[in-house]
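**Student:** mind looking at a prediction? Sequence and model below.
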Amino acid sequence: MSNHDTEKQHITPYWVYGLILVILLACTFISVDVVHYDLKAWSVGIALGIACIKGTLVLAYFMHLKFDNVLFKILVAAVIMLFVSFILLTFVDYLYR
Amino acid sequence: MTTTIPYKSYLEPHGKYRGLLDWLTSTDHKRIGLMYMYAIGVFFMIGVLLGLLMRIELFSPGETIMGPQTYNGIFTVHGVIMIFMVVIPGLSAVFGNLFMPIMIGAKDVAFPKLNLFSWYIFICGAILAVLSQFTGNGPPDTGWTFYAPYSTQTGTNVIMAVTAAFVLGFSSILTGLNFIVTIHRMRAPGMTWFKMPLFPWALYSTAWIQLLATPIVGITLLMLIAERLFKIGFFDPALGGDPILFQHLFWIYSHPAVYVMILPAMGVITEIIPTFCQRKVFGYKAIALSSIAIAGVGYLVWGHHMFTSGMSFTARWVFSFLTFVVAVPSAIKVFSWVATMYKGSIALKTPFLYSVAFIFLFMIGGLTGLSLGSLATDVHVHDTAYVVAHFHYIIFGGMGFAFFAALHYWFPKMYGKMYNQRIADIAWLINFIGFNILYFPQFVLGLQGMPRRYFDYLPQFETGEILSTIGGFILFAGLIMMITNLINGYRKGEKALDNPWGGSTLEWTIPSPPPMENFDTPPVVSNEPYDYE
Amino acid sequence: MSDVAIKHDEHRDDIGAKLGMWLFIFTELLLFGGLFLVYAVYRNIYPEDFHLGALQLNVTLGTLNTIVLLVSSMTVAMSITAIQKGNSKLSMRLVLLTLLLACVFLVNKYFEWGAKFEHDLYPGSDLVLQFKRGSIIFFGLYFFMTGLHMFHVIVGMVVLMVLWFKLKNTTINKDDHVLLENGGLYWHLVDLIWIFLFPLLYLVT
């Protein structure tokens, strides 16, 4: 039961949020633009890769994960790993049918 | 908290209102636990009666008391009630609410209002589930698994039953969320993770399963509803869907849900055995971590329900392998319990008897589970009475008997009264014998080829089915005896001591029944739990 | 009688509250996770039909909505900085701006869905049922996923409104703003899910 007054508080400056938004928007435009090139199988990978970068940025900065309790980082990582293992195990079925 | 408060039990009126409203508006974790218990008790008896009806139908070949459609409805209702309304919330919502906060030295759970809210959601879901039997075009006849594509096509009241399961899942999620935060944030000063009793440990692992697996079934059930309403085709082969995908999604939740049932049961047993042996639990860390291991690996074994569904061969052996892996931590627990008894001074009281019965029945259930988890044998006994016997040994013999053990163990603490121990012991014996006569023949019947979910059977199965039905009545008699004895204990039992069994965890350091705020002064913990030396 | 009830002191635990919110977010992520799993399976079975389906979607409107959600995510994050610095006026304005952007998102979505319905592109319509099987599934998934997401946007708007009123009557203030942080987390979740929905539905052609 930690006292809330003693918790050090991290205040993110406005400009950091602004910068993150600019990066996110840039990612979005790249992602939309890349569709016009014929990259075959790569196009899915690139789209998802960019989405992952964007997701990480939102988690780390907008959702404060970078500055928060280490427990939250571990839990988020664990949940993502769990979801990935769901996908992998399901595809052990679908890819080998 | 500065002056000592006069002792006042949580059972006495304390809120703005009187009578029933006093309880329905109370956010006290102990009261919510009791409210869950009364509700679950009622649903359990409904489920038992439905089960008994099925047994009567199977007493002789041919139509005995009902036709096939009624039978289909009854086993579906029996499954939905027993799984979603009794065993999944059972131990964690009842005894988790009642005792977990006390055992970790907290005043209440982290979000008491949310806790009360989950109870109301639970009741709403339960009402929906019961309503689904009496409204629409007859009770759902899909089995509690709601397998597509049949569940998307049958004319019966599937949507309401599925909605009920969805709502009940929501309640389960919120309870899990509450417990995780409570255990993380509200342990008494000095109670490190490895000084925490093992029942809270088990609840902690359980809570993670409730939290992370339930949403998957939630979305699956939503898709099923959408499919029925809008013809989307998620699981309909005619529209491009894949029914096996439904089975995947369903079991991604429903297999871990088995561990939601059994992990708290194991936790209860781990509390009871050291107390009645007056001996430190053997392998504390192994038991604590095996709970986490079961929760973790338990997520990855769902495919063993689908060996005959047409899943790829690679997937089959992978899931079979993982199934054998998950048996290891369960076995670690069993060894630890037995090792705890070794050279202990054992007191053969009712809770201990139920715990021993648990170990015995759980071993049978677990080992037959392994024969179902291996590919070749599963093909032979898939969807037979063998499976029915297996999961009743796990769910009823395991979780059910652990629930009875917990009930007899904590009863004096809950009500401050003691039941008649002699009658309780006799009821235990009747339950144990009745249970085995009821379910053991079904292993044999299954091996001989008796399919599950059939209202009729070939003449050669008659002996086994009759035996099984007789066992059902014996078990029913034992249950009635047990419940009557407990009610009598509550009404006119002797006053119970604060620590009647000589337990060492925190709930035995406070008066029986516990006061409103659990502890007059917040406890400070320095010893490890189960320190009997 | 009631003196015992009053003693029930509310101890405040910001980290506990935030942990609770994160746990709730995990359940939401896995709820959509189940849908992403379904998407992945069917895309794997019907890559061509999904390609054709995605061509029917309006990328411009989709991109516009992505931008709207990203900006709204930033404004709600900034409102926390504002309240931490004690500027509750600015914080309220930022929450209101977020709410406004959420409305823009919904209006946009209305036009997008409206156009689909006009062309008979909705699950169970006679036109869609004549499609190849993979395309039927694609449109089913498109409506189900964006529909569920839209439901979350609406819930998020209610949350934002509550936050605005709590800021107004100073329940949320410089020293106690965990509610705003938790509400913000929920809104970011809505954004996070869209970040993955957008490329999967609109761009993977």
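**Tutor:** Looks like it came in fine. The structure presented is a predicted model; accordingly, all values stated were derived computationally and were not measured.

**Student:** for the rest of this, base every contact and every neighbour count on C-alpha atoms.
**Tutor:** Will do.

**Student:** in the strand or helix carrying B:Gly446, what counts as buried?
**Tutor:** Element membership for B:Gly446, per DSSP states H and E: helix B:421-448. Across helix B:421-448, burial judged by 16 or more other CA atoms under 10 Å in any protein chain shown covers B:421, B:423-425, B:427-432, B:434-448.

**Student:** return the list of helices and strands in contact with it.
**Tutor:** helix B:350-373, helix B:375-381, helix B:385-392, helix B:462-492 (3 or more CA pairs under 8 Å, 6 or more residues apart in numbering or on different chains; DSSP states H and E).

**Student:** where does pLDDT dip in chain A?
**Tutor:** Where chain A drops to pLDDT under 70, the residues are A:1-8, A:38-40.

**Student:** tell me how chain A divides into domains.
**Tutor:** Here the domain parsing of chain A from automatic domain parsing is A:1-63, A:69-97.

**Student:** need these in CSV with distance to B:Gln278, can you?
**Tutor:** Formatted as CSV, the domains of chain A follow (distance: least, CA to CA, whole Å):
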stretch, distance to B:Gln278
domain A:1-63, 33
domain A:69-97, 37
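
**Student:** quick check: residues of chain A near chain C?
**Tutor:** Contacts of chain A with chain C, taken as CA under 8 Å from any CA of the partner chain, map to A:1-4, A:11-14, A:17-18, A:21, A:24-25, A:28, A:31-32, A:35, A:43-44, A:47-48, A:51-52, A:54-55, A:58, A:62-63, A:72, A:76, A:79, A:83, A:87, A:91, A:94.

**Student:** checking C:Tyr142 next. Helix, strand or coil?
**Tutor:** helix (DSSP: H, G, I helix; E, B strand; the rest coil).

**Student:** still on that earlier bit, I'd like the average pLDDT over the helix holding B:Gly446.
**Tutor:** Across helix B:421-448, the average pLDDT comes to 97.

**Student:** cool, stretch C:184-197 as well?
**Tutor:** Mean pLDDT, stretch C:184-197: 96.

**Student:** again, but for stretch B:322-332
**Tutor:** 94.

**Student:** just say which of the helices and strands packed on helix B:421-448 is most tucked in.
**Tutor:** Counting by mean count of other CA atoms under 10 Å in any protein chain shown, helix B:385-392 has the highest mean neighbour count of the helices and strands packed on helix B:421-448, with a mean of 24.

**Student:** and the helix or strand just after that one, what does it pack onto?
**Tutor:** Counting by DSSP H and E, the element after helix B:385-392 in chain order, helix or strand, is helix B:401-415. Judged by 3+ CA pairs under 8 Å, 6+ apart, the packing partners of helix B:401-415 are helix B:243-277, helix B:350-373, strand B:417-418.

**Student:** contacts for the longest helix belonging to chain A?
**Tutor:** Ordering each helix of chain A by length in residues (DSSP state H) puts helix A:70-94 first. The contact list for helix A:70-94 (CA atoms under 8 Å, 6 or more residues apart in numbering or on different chains) reads A:65-66, B:212, B:248, B:252, B:300, B:311-316, C:19, C:22, C:26, C:30, C:33, C:37, C:41.

**Student:** so which of these sit within helices?
**Tutor:** Filtering those for helices - DSSP H - leaves B:212, B:248, B:252, B:313-316, C:19, C:22, C:26, C:30, C:33, C:37, C:41.

**Student:** got those as a markdown table, with distance to chain A columns?
**Tutor:** Below are the ones in helices among the contacts of helix A:70-94 laid out as a markdown table (distance: CA to the nearest CA, whole Å):
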| residue | distance to chain A |
| --- | --- |
| B:Leu212 | 8 |
| B:His248 | 7 |
| B:Ile252 | 8 |
| B:Phe313 | 7 |
| B:Thr314 | 7 |
| B:Ala315 | 5 |
| B:Arg316 | 8 |
| C:Leu19 | 7 |
| C:Trp22 | 8 |
| C:Phe26 | 7 |
| C:Leu30 | 7 |
| C:Gly33 | 7 |
| C:Leu37 | 6 |
| C:Val41 | 7 |
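
**Student:** appreciated, that's everything.
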